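J.: return a 3D structure for these sequence lines:
(2 chains)
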Amino acid sequence: MEGAATGGDGHAPSAGGTPNRRSALHDRHVALGAKLVPFGGWEMPLSYKEGTISEHRACRSAAVAFDVSHLGTVQVTGPDAFDLLQRTLTNDLSKVAPGRAQYTHLLAEDGSVTDDIIVWWVDERRFDVMPNASNTSSVLAAIGGTDTTADRAVIAVQGPDARIHLRSVSAQAAAVGRFHVTKFDWRGVSCVAAGTGYTGEDGVECAVPSAIASDFWDAVLAAGVAPAGLGARDTLRLEAGFPLHGHELGPGITPLQAGLGWVVGWDKGDFVGRAALERERESGPLRRLRGLRAEGRQPPREGSAVERGDRQVGTVTSGNFSPMLETGIALALVDTAAVVSDGESVTVTVRGRGLGAVVAPTRAWPPSDAKAGAA
Amino acid sequence: MNVPDDLRYSSDHEWARADGSRVRIGITDYAQDALGDIVFVDLPALGSDCAVGGTIGEVESTKSVSEVFAPVGGTVAAVNGALTDAPELMNEDPYGQGWLCEIEVAEDGALDALLDAAAYRQLTES
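T.: Reported below is the predicted structural model:
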């Protein structure tokens, strides 16, 4: 057998032989028998003993815990913090308040998404800005602040039963509202919890200081939560239709193309990339992110051409097997000029062979009962 | 890793078991573990010819796709159709229900060039 990774999912050693960073939970992952892989300059669990598909289904039906310490934390504090973030990031912070979380983008001047970010507005004068692992340095360069990534672990407890189990670890953390942020004390140590995640399920992400991270992780697992790796995190976000930077977002891809116009605070003042986005809004994006459902189990894969008739109308940005639908699913950037409707049949060319698929909403799970409509 | 003593192995992590002129093949426990959850198997066409080392199928997991190489040459005489709907059989029972196909070999001694269990074990542990 000879294998090839199927996506540019960051599973490559960091450049220049720099050793990969390890989370504060590294020893726990080893003890749990995790398969560790390089990801965005970190060595992180791909899966544990149960495997990606079991972990995925456990998140949909019960609860799992992910170590997402590889996400960056850039702390921006002080009286100017609000204004700085307002003129740097796309979303409008004035729509929320201290104690709330907001999904937002950092753009390049041409409107390309440099990174997609969750901002935890922890208190009046403190913002914890959370970029993707490999983009932490570019976000730090754009907004300044202090990189506190090394000081904490982030544990994401996700799934319909996440809060029930988390309650026995910290009732305060478990009570945080969806897209709310709260400080909580755990064994006398100050931590932060947010009602955020990347799975399409309810859940809570807990940022805990490195010194107590392993104990917190142990307590979460002891409460009945199964560990899950980045493999499941990727299939879960794909099913939920969430973009992954480097795939659905990145150089040459704007928020409007990714179908994320709601991330743009049009009613606020200037921000990096605004002029380019306004031009694109005026003329209409040339391509748009769409969902694909394969006819069979074989996943469409990143980079594959999407064809209608003998004409290419798009390109797959991420594809995999959906453990819930038990078919291949994908996200693809499709030319708007081709006017492809949901429900239309297309062919995806995967390794030289044509694969039948249907165009669909980006969110594959939970499935929408709505009949196929216009794009 | 489970490496049954009665099988022969290729250095590409396929196993082979001879029954007369028919050789049943599959992927090893080591291979299935390295791949992770298998979600799709592309089986060879019945009656197709294969040369030693030629591509005889494709196994796709949630994280990667791998070609399977024929450990022996001959004609594909049977394929494991159960893998179409249940590719996870390759993970759960790689030497049993997770077999890939059977190859009718032209001459005796087709397995002689392959590794025995001890040699394969050494390969995977090195």
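J.: switch to C-alpha atoms for all contacts and neighbour counts from now on
T.: OK.
J.: up against chain B, what does the stretch 151-300 of chain A have?
T.: A:231, A:297-298 (C-alpha under 8 Å from any C-alpha of the partner chain).
J.: return the member of these nearest to B:Tyr120.
T.: Ranked by distance to B:Tyr120 (C-alpha to C-alpha), these are led by A:Gly231 at 28.8 Å.
J.: contacting residues for the closest one?
T.: Contacts for A:Gly231 (C-alpha atoms under 8 Å, 6 or more residues apart in numbering or on different chains) come out as A:46-47, A:52, B:62-63.
J.: which among these end up buried?
T.: A:46-47, A:52, B:62-63 (16 or more other C-alpha atoms under 10 Å in any protein chain shown).
J.: low-confidence regions, the stretch 201-350 of chain A specifically.
T.: For the stretch 201-350 of chain A, not a single residue meets the criterion pLDDT under 70.
J.: quick one: the strands in it?
T.: Applying DSSP state E, counting those that start in this stretch to the stretch 201-350 of chain A gives strands spanning A:203-209, A:226-227, A:287-294, A:305-308, A:311-322, A:327-335, A:345-350.
J.: then chain B?
T.: B:8-9, B:14-19, B:22-27, B:38-42, B:49-50, B:55-61, B:64-69, B:74-79, B:101-104 (DSSP state E).
J.: looking at the contacts of A:Gly231, which gets the smallest pLDDT?
T.: Looking at the contacts of A:Gly231 by pLDDT, the weakest one is B:Lys63, with 90.
J.: that one touches B:Leu35, doesn't it?
T.: Yes - with contact defined as C-alpha atoms under 8 Å, B:Lys63 reaches B:Leu35; the gap is 7.3 Å.
J.: neighbours of the closest residue to B:Cys101 other than its chain neighbours, how many?
T.: Sequence neighbours aside, B:Val79 is the residue nearest to B:Cys101 in space, at 4.1 Å (criterion: C-alpha to C-alpha, 6 or more residues apart in numbering or on different chains). Applying other C-alpha atoms under 10 Å in any protein chain shown, we find 19 residues neighbouring B:Val79.
J.: again with the one 4 residues further on
T.: Here the count is done by other C-alpha under 10 Å, and B:Leu83 has 21 residues near it.
J.: who are the contact partners of it?
T.: B:40-41, B:89-90, B:98, B:100 are the contacts of B:Leu83 under C-alpha under 8 Å, 6+ apart.
J.: what subset of these is also close to chain A?
T.: Restricting the contacts of B:Leu83 to those near chain A - C-alpha under 8 Å from any C-alpha - leaves B:Phe40.
J.: contacts only, for the residue in the stretch 251-375 of chain A that chain B sits nearest to.
T.: The minimum distance from the stretch 251-375 of chain A to chain B, using C-alpha to the nearest C-alpha, falls at A:Gln298 (5.6 Å). Going by C-alpha under 8 Å, 6+ apart, A:Gln298 touches A:321, A:327-328, B:39-40, B:60.
J.: do that again at 6 Å, thanks
T.: Counting by C-alpha atoms under 6 Å, 6 or more residues apart in numbering or on different chains, A:Gln298 touches A:328, B:40.
J.: follow-up on the earlier one: now the strands of the stretch 201-350 of chain A in a markdown table, with mean neighbour count and distance to A:Gly78?
T.: Compiled in a markdown table, the strands of the stretch 201-350 of chain A are given as follows (neighbours: other C-alpha atoms under 10 Å in any protein chain shown; distance: least, C-alpha to C-alpha, whole Å):
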| stretch | mean neighbour count | distance to A:Gly78 |
| --- | --- | --- |
| strand A:203-209 | 26 | 21 |
| strand A:226-227 | 22 | 37 |
| strand A:287-294 | 26 | 38 |
| strand A:305-308 | 22 | 48 |
| strand A:311-322 | 24 | 39 |
| strand A:327-335 | 27 | 40 |
| strand A:345-350 | 22 | 51 |
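J.: A:Gly99 is in contact with A:Glu124, isn't it?
T.: No - with contact defined as C-alpha atoms under 6 Å, A:Gly99 does not reach A:Glu124; the gap is 8.3 Å.
J.: shared neighbours, the two?
T.: Counting by C-alpha under 6 Å, 6+ apart, no residue touches both A:Gly99 and A:Glu124.
J.: quick check: closest non-adjacent residue to the closest residue to chain A within chain B.
T.: Nearest residue of chain B to chain A (C-alpha to the nearest C-alpha) works out as B:Ser66 at 3.9 Å. Using C-alpha to C-alpha, 6+ apart and skipping the chain neighbours, the partner closest in space to B:Ser66 is A:Gly3 (3.9 Å).
J.: let's check: the centremost residue of chain B is which one?
T.: B:Gly26 (2.2 Å; C-alpha atoms, centre = their mean).
J.: in this structure it contacts B:Cys101, no?
T.: No - using C-alpha under 6 Å, B:Gly26 makes no contact with B:Cys101, being 7.0 Å away.
J.: tell me, what's the model's pLDDT at A:Ser6?
T.: Check again: residue A:6 is Thr, not Ser. For A:Thr6, the predicted pLDDT is 61.
J.: the one 3 residues further on too?
T.: A:Asp9 is assigned a pLDDT of 45 by the prediction.
J.: how deep is B:Leu123 tucked in, by neighbour count?
T.: For B:Leu123, the neighbour count with other C-alpha under 10 Å is 12.
J.: grab the nearest non-local neighbour of it.
T.: Sequence neighbours aside, B:Ser11 is the residue nearest to B:Leu123 in space, at 7.5 Å (criterion: C-alpha to C-alpha, 6+ apart).
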